[in-house]
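[1] Next come a sequence and a model predicted from it.
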Amino acid sequence: IHGIARRTNGDPLEGVEVIATAVGKRGMLPERAKSDREGHFRIDNLPAGQYDLTADKDGFATARDEGHALSEAGAEACVLVLAEGVEVSVRVLSSRGEPVAGASGRLVSESGDARGFTDAGRMLTSLFAGKGVSNTKGILALGNFAPGKYSLEVSRGSQCATEPVVLEDGPPMTIGVRLK
């Protein structure tokens, strides 16, 4: 699978992590690549089949290409367009109103797509970089998302919170939640 990652204005985008996940092939680990200075990426040595592609880069909303077909002869180049999106963070508080460290969370779009850490490699990389859990002030950075309707899910141990969220184009957004 090969292609190019671009900004919405058409400029190439360097450093985009592209992940190919086989559709309907249990036990097959996702394969990944990074885009180069011209935005090109390539994931080699994949068996023929259908793949869901995701493209992530800090500061941009995730781009997806679902059901990308790869035959024995190869696949057509795909173009993954990443929009800057809305930067979202969460202020996580206990039921007593105190900041909670170590909480994790995700936004699930109305269509059911979850932006969280479903890929173990990405989760570990993010955790070592200090992403994916709330800090001692209760702040959890979730990343950038396209405008739309979402459900925010936050938890730490047996405590959790779920809130509806509507994102619109604009400045960074911090959402406050209390765990129950």
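    Perfect, I can see it now. Note that this is a predicted model, so its numbers are computed, not measured.

[2] Helices of this structure, residue ranges please.
    Along the chain, the stretches classed as helices by DSSP state H are 120-128.

[3] Could you list the single helix or strand in the chain with the lowest mean pLDDT?
    helix 120-128 (a mean of 49; mean pLDDT, DSSP states H and E).

[4] what residue ranges in this structure are flagged as low confidence?
    111-131 (pLDDT under 70).

[5] Check the burial of Val23 by counting its neighbours.
    14 (other Cβ atoms under 10 Å). Just so you know, the C-beta spots here come from the backbone N, C-alpha and C atoms, and that holds for glycine as well.

[6] burial of the closest residue to it other than its chain neighbours, as a residue count?
    Leaving aside its sequence neighbours, Val23 sits nearest to Gln50 (Cβ to Cβ, 6 or more residues apart in numbering; 4.0 Å). When neighbours are counted by other Cβ under 10 Å, Gln50 registers 14.

[7] go on, the one 3 residues further on?
    Taking other Cβ under 10 Å as the neighbour definition, Leu53 ends up with a count of 21.

[8] let's have the chain start at 4 instead
    Renumbered: residue one is now 4, and that last one reads Leu56.

[9] And Met31, how far from Thr139?
    Separation of Met31 from Thr139 (Cβ to Cβ, to the nearest Å) stands at 39 Å.

[10] Gly179 too?
    From Gly179 to Thr139 the distance is 17 Å (Cβ to Cβ).

[11] quick one, strands of the chain?
    Applying DSSP state E to the chain gives strands spanning 5-10, 20-25, 34-37, 43-45, 52-59, 66-73, 81-85, 89-96, 107-112, 117-118, 142-148, 151-159, 162-170, 176-181.

[12] Of all the ones you listed, which one comes closest to Gly135?
    strand 107-112 (6.1 Å; Cβ to Cβ).

[13] what lines up beside the closest one in the sheet?
    strand 117-118 (antiparallel), strand 151-159 (antiparallel) (DSSP bridges).

[14] More neighbours: which of Met31 and Thr139?
    Counted by other Cβ under 10 Å, Met31 and Thr139 do not tie: Met31 has more neighbours, with 15 against 9.

[15] That concludes my questions; thank you for your assistance.
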